[in-house]
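Novice: Sharing a model that was predicted from the sequence below.
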Amino acid sequence: MKLTSLKFLTTGMRAATVLLWGLLLLAFAGPGAAQTKGNRHGDCRIGIYQLHDGSDVDIGLTDGDHLRWRRKDGTTGVLTETSNDHWASTLGWTSRSDGKQVSFSDCSTGKIVFDGVPGQRIPLDVTDTVFDGAGVRLAGRLVMPRGNAKVPIVVLVHGSEDFSARDFYALQRQLPTEGIGVFVYDKRGTGASSGRYSQSYLLLADDAIAAMHEAKRLAGDRAGRVGYQGGSQAGWVVPLAAKIEPVDFAIVGFGLAVSPMEEDREAIALDMTRQGYGADVMAKAMKVADANAAIVRSDFREGYDQLAALRAQYASEPWFKHVHGDFSFYLLDNPEATVREKGPILLANVSADYDPMPVLRNLDTPQLWILGEDDTEAPSAETAQRLRELIGQGRPITLAMFPHADHGIYEYETGADGTRVSTRNPDGYFVMMRDFIRNGRLGDHYGSSTINKSNKGGS
């Protein structure tokens with residue numbers, strides 16, 4: 001459960017401005033995927049291109065009047081038009097030039113020159129659809145590699161974002177060029193889907209199951225293995241959907257095996273640890289966490305007096321300004337009247353004390369969990385420990401940990417003031433997901449990641 005400014009436009013997503021609850025992301029949308037609608041919605045340059053050197057590059061939406069390029073090695077940048085169909089790139093989510101220049105031909109020819117290398121748009125088979133979710137009509141899209149061969153199908157399950165996955169998820173183009181079909185859909189209350197935005201994991205799991213059925217229907221005889229991929233909040237939704245109705249595989253990126261309430265406490269504890277405070281300050285910070293949790297559990301109706309008393313007691317102490325957490329900062333930074341009014345909307349139907357462990361202990365679906373060791377939004381240490389225990393008990397889980405990776409599995413630079421700026425996904429991140437979708441198992445080496453496998457982790 002994360003109220004944050006959305007940066008995450010992909011399944012990469014992280015640097016923009018939309019208040020959301022839940023963990024982000026959607027993974028390759030990107031931290032910087034701005035989650036305001038891109039001004040270039042429907043731009044004919046959007047697509048994936050085969051370059052003459054044998055590599056490919058995806059061109060997708062981001063915030064404002066820009067485009068974002070992504071490569072399967074994890075590198076990415078923002079494109080700004082400098083003249084007619086000529087664009088300059090900046091590194092990751094920094095404002096620093098990376099020296100790359102990009103140009104496009106007339107849209108009818110689908111040609112590109114990326115960093116001096118010519119290329120051609122890759123044709124894919126795209127079918128848009130509208131289907132029934134749990135009491136709503138959902139807008140979806142099946143993207144398939146050309147041909148008649150049977151291929152694995154992955155359903156992309158969103159995080160807590162409130163923008164259109166069909167507009168922003170780059171995996172819908174990247175994976176089909178690897179012989180994988182992708183079904184992407186706008187979650188309820190976003191994009192072209194009907195209904196009200198919700199944080200109910202059960203409702204969202206039911207919607208994911210409906211999307212899985214629609215993907216199989218549209219793919220017909222071409223559907224091979226079918227499963228889910230999702231990031232952040234999807235860490236609670238995907239296993240639940242797979243338990244309700246079995247699938248062949250499930251991939252969770254930067255999700256959690258703890259409850260949203262535990263997540264907030266872990267994030268505040270990490271806030272204090274990163275600032276170098278000891279046990280005495282930690283105890284005070286946990287009192288603040290508990291007061292905020294009481295307000296959330298009351299559906300924002302009660303508990304404000306206790307929070308006000310703690311604020312009066314501690315606000316002048318230097319550690320207090322560093323209390324952020326995953327939802328606590330919203331309660332601390334806004335007037336009581338605003339929190340009472342907006343809180344129930346931002347956390348609509350959220351299961352704040354949802355315990356994911358009973359599902360994970362009893363889930364037979366082969367799972368790949370990908371975590372960042374330096375995740376500040378969804379601290380990964382306790383989740384990793386719980387997953388390793390499940391692996392030791394023989395559950396079909398593979399855990400991959402990337403060092404120096406924050407939420408969204410993003411590598412980062414740290415400024416003099418301690419602020420992190422995302423630069424890229426680590427090498428191996430995309431290939432790891434591709435391999436697991438194809439086979440339900442991983443090899444031994446994917447970039448800098450450390451991998452723990454159950455001997456039941458493959459299929």
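Specialist: Arrived safely, thanks for sending.

Novice: Every contact and neighbour count from this point should use C-alpha atoms.
Specialist: Noted.

Novice: what secondary structure does residue 221 sit in?
Specialist: helix (DSSP: H, G, I helix; E, B strand; the rest coil).

Novice: and it, what is it in contact with?
Specialist: Shown here is residue 221, whose contacts under the criterion CA atoms under 8 Å, 6 or more residues apart in numbering are residue 150.

Novice: Just the pLDDT at it, thanks.
Specialist: According to the prediction, residue 221 has pLDDT 97.

Novice: got it, and residue 16?
Specialist: pLDDT, residue 16: 29.

Novice: repeat for residue 136
Specialist: Predicted confidence (pLDDT) for residue 136: 96.

Novice: okay, now it: neighbour count?
Specialist: Neighbourhood size, residue 136 [other CA atoms under 10 Å]: 16.

Novice: Break this protein down into its structural domains.
Specialist: The chain breaks down by automatic domain parsing into domains covering 30-121, 260-346.

Novice: As CSV, those domains with distance to residue 226, mean pLDDT and mean neighbour count would be great.
Specialist: Converted to CSV, the domains of the chain look like this (distance: least, CA to CA, whole Å; pLDDT from 0 to 100; neighbours: other CA atoms under 10 Å):
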stretch, distance to residue 226, mean pLDDT, mean neighbour count
domain 30-121, 22, 89, 19
domain 260-346, 28, 93, 18
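
Novice: Quick one, which of those gets closest to residue 171.
Specialist: With distances scored as CA to CA, the stretch of these nearest to residue 171 is domain 30-121 (9.2 Å).

Novice: circling back to that earlier point, distance to residue 409 added to the domains of the chain, as a markdown table?
Specialist: A markdown table is the format used below for the domains of the chain (distance: least, CA to CA, whole Å):
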| stretch | distance to residue 409 |
| --- | --- |
| domain 30-121 | 9 |
| domain 260-346 | 17 |
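
Novice: and residue 190, which of these is closest to it?
Specialist: From those, taking CA to CA, the stretch that ends up closest is domain 30-121, at 11.4 Å.

Novice: the strands in the stretch 351-459 of the chain, which residues?
Specialist: 367-372, 397-402, 411-414, 420-424, 450-453 (DSSP state E, counting those that start in this stretch).

Novice: Please give the element, helix or strand, for the residue of the chain positioned farthest from its centre.
Specialist: Distance from the centre of the chain peaks at residue 313, with 37.1 Å (CA atoms, centre = their mean). Using DSSP states H and E, residue 313 maps to helix 304-314.

Novice: Show me what that helix packs onto, helices and strands only.
Specialist: helix 279-297 (3 or more CA pairs under 8 Å, 6 or more residues apart in numbering; DSSP states H and E).

Novice: any idea how far the helix it packs on is from the chain center?
Specialist: Here helix 279-297 is found 27 Å from its chain centre; the criterion is CA atoms, centre = their mean, to the nearest Å.

Novice: Just the buried residues of stretch 190-209, please?
Specialist: For stretch 190-209, burial by neighbour count (16 or more other CA atoms under 10 Å) applies to 190-195, 197-209.

Novice: Please list the members of these that lie in strands.
Specialist: Among the buried residues of stretch 190-209, no member falls in strands (DSSP state E).

Novice: In helices only, show me these.
Specialist: In this view, the buried residues of stretch 190-209 that belong to helices under DSSP state H are 201-209.

Novice: can you map out the helices along this protein?
Specialist: In the chain, the helices defined using DSSP H lie at 165-168, 171-174, 201-219, 234-244, 260-274, 279-297, 304-314, 328-333, 336-346, 357-361, 381-392, 429-439.

Novice: which residues touch residue 226?
Specialist: With contacts defined as CA under 8 Å, 6+ apart, residue 226 is in contact with 152-155, 212, 216, 247-249.

Novice: Give me the nearest residue to it, chain neighbours excluded.
Specialist: Computed as CA to CA, 6 or more residues apart in numbering, the closest residue to residue 226 that is not its neighbour in sequence is residue 153, at 4.7 Å.
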